[in-house]
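# What shape does this take:
(chains A and B)
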Amino acid sequence: MENDKLVIGGKEFDSRFILGSGKYSMKLIEAAVKDAGAQIITLAVRRTNTKDEENILDYIPENVTLLPNTSGARDAKEAVRIARLARELGCGDFVKVEIMKDSKYLLPDNNETIKATEILAKEGFVVMPYMYPDLYAARELQNVGAATIMPLASPIGSNKGLATKEFIQILIDEIDLPIIVDAGIGRPSQACEAMEMGAAAIMANTALATAGDLTMMASAFKNAIEAGRKAYLAGLGRVLTRGAAASDPLTGFLH
Amino acid sequence: MENNFLIDSDLLTESGLNRKHQIETDPSSRINHMEYLPGMDVIESDIRKCVMEHFDSYDYSKYTAKDVKRALDSDRCTIEDFKALLSPAAEPFLEQMAIKAQKETSKHFGNTVYLFTPLYIANYCENYCVYCGFNCYNKIKRLKLDFDQIEHEMKVISDSGMEEILILTGESPTKSDVKYIGEACKIARKYFKMVGIEIYPVNVEDYRYLHECGVDYVTVFQETYDSDKYETLHLMGNKRIWPYRFDAQERALMGGMRGVAFSALLGLSDFRKDALASALHVYYLQRKYPHAEMSLSCPRLRPIINNDTINPLDVGEKQLCQIICAYRIFLPFCGITVSSRETAEFRNGIVKIAATKVSAGVSTGIGDHEEKYTGKQEEESGDEQFEICDGRSLNSMYSDITAEGLQPVFNDYVYVG
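Below you'll find the model as predicted:
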C-alpha cells in the first residue's frame, strides 16, 4: 500500500482524489486539500482572475498540482488555445481537456476531444481528457497520447453516481492508462465502488460543494476512496451463485 | 521419458548421414535461431517482450487451491487468475472449470460449433523439425498437387457440403512459393466461403497478396515458446528462426488478414508455460489489434510415419481439457479449434464445454480426398504429416454434434476483400 502511487505524466501522487472546479469556493479548496487530501486540483482557465484580489491561485498550496481545464471550449481549436494560455500563465504542462458543444447536459464531445488531445500531446502536454465512456474513443485517445482517460459516471453536477458503470469497467479492463472517474459521483459509497472496480482515481466537485458539512464530506470521500483502493488491491471476495452441480458431469468423458 | 525423434533414413549417403548427425549433435553446426535471415521482415513490436516476460517468470508451483477458487469465483479473469487456472493446483477443480468455461462459451457462441476441413496441397519441406512427418530427412512420398489436382480435391470436398477450408503446405518456399499458394487460394474462393491458410511464415506484403487472393485467416503454430527448446527441435531451414515465426500473426494482420490463429504443439516442452504464452500472444495482439478475430488451437504431439512412438508425454486428456477450459475462461471471445489429432470421444466432450471449431473429413496426406471420401482409388498421393485419431466424415460429425444438442455451422462469413 505504501508504494501504491498514482502516476500521471511521470509524476507520483499518494492521493487518489482530484478536486473538480465546477462549483468552487475558497472554502471548498481548503477542505479538499486538508480533509480530502487532494494533491491535484483542477482550475478552469477561463475563471482565473487576472486582477489581484481573490485569485484562486493564491489559495492553492504550492505542493498541490494544478490541473488547468479547458472548460468553455466548444471544439478542439478552442481547447488547444485555452491549454496554451494555461501554459503561458505558468500552470505547468498538465491539462484536462473538456470540450462541450451542448450547454444543456454538458456532455463531452469525444471526437473533438480526440483531436485536441492529439495536438496537445504532440506539444508535450500531459493530457487528461474528459470523455463519454466509449471504448473506441478511449482507444483513440490512448493512441494519440493521452496520459489518462477520464470517463463520466453520470451527467456532470448530477450526483447520480455510476450510471455508466459497465462501460467504465470495460475501459478499466481494456485501456492501459489510469482511468479516472470524473463527473457524476455524488456519494462516498459510489466513489468507493468505482475504486473497487479498479479506477485509478476519482474526481468530484459537486458532491462536496453541495454537501451539508463540507469538511466532514471531504473527509468521508478520502476514507471511501482509500477503502475502495485497498479492496481492489486486496482482491474482492467471492459472491456465491445458486445452482447445484450437474448430475452428469461435463468432464465425465475424460479417462 | 523424452521422445526419441531422431530417425535415420536408408536413402542418405554416408556423407549425408554424417551431416545429419552433425546437425543433430553439434549445436555449433546450426545457424543462430534468434537471428533473422536476409529478406525477412523485422517489424517494430513490443508483443514478444510482453508475452515472454510472463513466460520467463511463470512459476506454476506457487499457485494454490485458494488462487484457483478465487479465479473461479471472479467475474473477470486476470492474467494472474489465468496462471492459477493453468497450474497443477487447478487439476482437482476441472469439473468446476468446465462448468464456468461452458457458461462463457455459451455467452459468446451460443450452442454453435463450426466445421472446417484442412487440405494439404504439397508436402515438400526444407526444414528439419525432428517431430514432424514432413521433415526433410523423413523418407516419405512427396507430392505437390498441380492446379487441376487442387481443383479436383476442392470439388470433392465442396461436394461433401463443406464451406470452410484450411489450405496447408509443407514449408518449402522453393517448391510451394507464395504465388503457387495464392493461385490455390483463388481456386478455393470458387468453392468455399471461407479460406484460411497454414503455411510457412511470410512477409507483410506476401500476406497482403494472399489476402487479395481470397484468404482471410492465417494459422501459424509457434510449436514452443521456449526458444532454447525450440532450437533443439528445429534444426534446419527458415523455420529455425524463432522470432520471425513469433511475429507472423502480427505481420498477417498488418497485411490485412481478418483473423489469426495461434498454438503451441503440446508435448514438445513445458505445456503449462506454452499454454500461458499462446493465450497471452492472443491477449496482447487483441489489445493492439482489437478488430482482429483470434483463435487458438491446442494440438498434442502425434506419431508420424517412420516414428510411431512419438507421444505427448505428460499432456494427457485431463491436462488438455484443463488448458482448453482455462483458455475459454481467460479469453471468452476467442475461437478454440480441436483437431482430429484427438479422439471422437474427446472431441464430442470438449465441444460441449469450450471448443467452437472442429475439423471433419480430415486427411493430412496429399491428393487423397476422393479415395478417403468415396473409396475410389486415386493415381498417386503423398504421405501424411501425422496420424489422425478421429476419422469421422462431415456427415457423421454433423450428426454427432447435433446429437449432443449443439448446432453445427458451416459458415457465418462473407469475404468482403
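# CA atoms for contacts and neighbours, from now on please.
Will do.
# so what secondary structure elements neighbour the helix or strand hosting residue A:173?
Here residue A:173, judged by DSSP states H and E, is contained in helix A:165-174. Helix A:165-174 is packed against helix A:135-143, helix A:188-197, with contacts defined by 3 or more C-alpha pairs under 8 Å, 6 or more residues apart in numbering or on different chains; DSSP states H and E.
# quick one, what contacts residue B:154?
Residue B:154 makes contacts with B:188, B:191, as judged by C-alpha atoms under 8 Å, 6 or more residues apart in numbering or on different chains.
# try residue A:191
Applying C-alpha under 8 Å, 6+ apart, the residues contacting residue A:191 are A:185, A:202, A:221, A:224-225, A:228.
# could you measure it against residue B:231, distance?
According to C-alpha to C-alpha, to the nearest Å, residue A:191 and residue B:231 sit 52 Å apart.
# Counting neighbours, which of the contacts of residue A:191 comes out on top?
With neighbours set by other C-alpha atoms under 10 Å in any protein chain shown, the maximum within the contacts of residue A:191 is found at residue A:185, which has 31 neighbours.
# show me the residues around it that make contact.
A:153-154, A:158-162, A:191, A:203-204, A:207.
# Those residues, buried ones only, as a PyMOL selection?
In PyMOL, this line selects whichever of the contacts of residue A:185 come out buried by 16 or more other C-alpha atoms under 10 Å in any protein chain shown:
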select buried, chain A and resi 153+154+159+160+161+162+191+203+204+207
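# mind listing which of the contacts of residue A:185 are in strands?
A:203-204 (DSSP state E).
# And the contacts of residue A:185, which is closest to chain B?
residue A:162 (18.4 Å; C-alpha to the nearest C-alpha).
# Could you measure from the closest residue to chain A within the stretch 1-150 of chain B over to residue A:4?
Nearest to chain A, among the residues of the stretch 1-150 of chain B, is residue B:73, at 5.3 Å (C-alpha to the nearest C-alpha). Plainly put, residue B:73 is 26 Å away from residue A:4 if you go by C-alpha to C-alpha.
# now swap in residue B:229 and tell me
Per C-alpha to C-alpha, residue B:229 is found 38 Å from residue A:4.
# same question, residue B:216
Using C-alpha to C-alpha, we find residue B:216 at a distance of 45 Å from residue A:4.
# Of those two, which one has the most company?
residue B:216 (24 against 13).
# So the more buried one sits against residue B:261, correct?
No - using C-alpha atoms under 8 Å as the test, residue B:216 is too far from residue B:261 to be in contact (11.1 Å).
# Which neighbours do the two have in common?
Counting by C-alpha under 8 Å, 6+ apart, nothing touches both residue B:216 and residue B:261.
# Are we agreed that residue A:83 is in a helix?
Yes - counting by DSSP: H, G, I helix; E, B strand; the rest coil, residue A:83 is found in a helix.
# Can you report how many residues neighbour it?
26.
# wait, it sits on residue A:69?
Yes - between residue A:83 and residue A:69 there is a contact under C-alpha under 8 Å: 7.4 Å.
# Give me the common contacts of the two.
residue A:95.
# and the gap between residue B:135 and residue B:152?
To residue B:152, residue B:135 is 26 Å away according to C-alpha to C-alpha.
# Would you mind telling me which of the two has more residues around it?
residue B:135 (23 against 16).
# just checking, the more buried one touches residue B:141?
No - between residue B:135 and residue B:141 there is no contact under C-alpha under 8 Å: 11.7 Å.
# What separation do you get for residue B:322 and chain A?
10 Å (C-alpha to the nearest C-alpha, to the nearest Å).
# Give me the helices and strands touching the host helix or strand of that residue, please.
When elements are defined using DSSP H and E, residue B:322 is found to belong to helix B:317-330. Packing partners of helix B:317-330 (3+ C-alpha pairs under 8 Å, 6+ apart): helix B:79-86, helix B:94-109, helix B:271-288.
# can you put the ones you listed in TSV and add mean pLDDT, distance to chain A and mean neighbour count?
Putting those into TSV (pLDDT from 0 to 100; distance: least, C-alpha to the nearest C-alpha, whole Å; neighbours: other C-alpha atoms under 10 Å in any protein chain shown) gives the following:
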stretch	mean pLDDT	distance to chain A	mean neighbour count
helix B:79-86	97	11	23
helix B:94-109	94	6	20
helix B:271-288	96	7	22
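# So which of these is nearest residue B:38?
helix B:271-288 (25.3 Å; C-alpha to C-alpha).
# Just the buried residues of the helix or strand following the closest one, please?
Downstream of helix B:271-288, the next assigned helix or strand under DSSP H and E is strand B:293-297. Neighbour counts over strand B:293-297 (16+ other C-alpha under 10 Å) mark B:293-297 as buried.
# Run the chain-centre distance for the helix or strand of chain B with the lowest mean pLDDT.
Least confident helix or strand of chain B, by mean pLDDT, DSSP states H and E, is helix B:369-374 with a mean of 79. Distance of helix B:369-374 from its chain centroid, counting by C-alpha atoms, centre = their mean, to the nearest Å, is 24 Å.
# buried residues in that helix?
B:369-370, B:372-373.
# Return the residues in contact with residue A:175.
Residue A:175 neighbours (C-alpha under 8 Å, 6+ apart): A:138-139, A:142.
# ok, residue A:115 - contacts?
residue A:76.
# Oops, could you answer that again for residue B:209 instead?
Contacts of residue B:209 (C-alpha under 8 Å, 6+ apart): residue B:182.
# what helix or strand is it on?
helix B:204-212.
# Which parts of the stretch 301-417 of chain B are strands?
For the stretch 301-417 of chain B, applying DSSP state E, counting those that start in this stretch gives strands covering B:335-338, B:357-359, B:407-409.
# What strands line up against the second one, and which way round?
This points to strand B:357-359. Strand pairing for strand B:357-359, using DSSP bridges, gives strand B:112-122 (parallel), strand B:335-338 (parallel).
# Quick check: buried residues in stretch B:107-125?
B:109, B:111-125.
# gap between that stretch and the chain center?
Its chain's C-alpha centre and that of stretch B:107-125 lie 10 Å apart, by C-alpha atoms, centre = their mean.
# Residue B:63 contacts residue B:81, doesn't it?
No - the pair residue B:63 / residue B:81 is not scored as a contact, 9.6 Å apart, by C-alpha under 8 Å.
# Format the CA atom coordinates belonging to the helix holding residue B:322 as CSV.
What follows is helix B:317-330 as a C-alpha-only set of coordinates in CSV (Å, rounded to 0.1, in the frame of the first residue of the first chain):
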residue,chain,number,x,y,z
GLU,B,317,-6.6,-35.7,-21.9
LYS,B,318,-7.2,-34.2,-18.5
GLN,B,319,-4.4,-31.7,-18.9
LEU,B,320,-5.6,-30.8,-22.4
CYS,B,321,-9.1,-30.3,-21.0
GLN,B,322,-7.7,-28.1,-18.3
ILE,B,323,-5.8,-26.0,-20.8
ILE,B,324,-8.9,-25.6,-23.0
CYS,B,325,-11.1,-24.6,-20.1
ALA,B,326,-8.5,-22.1,-18.9
TYR,B,327,-8.2,-20.6,-22.4
ARG,B,328,-12.0,-20.2,-22.6
ILE,B,329,-12.3,-18.6,-19.1
PHE,B,330,-9.4,-16.2,-19.9
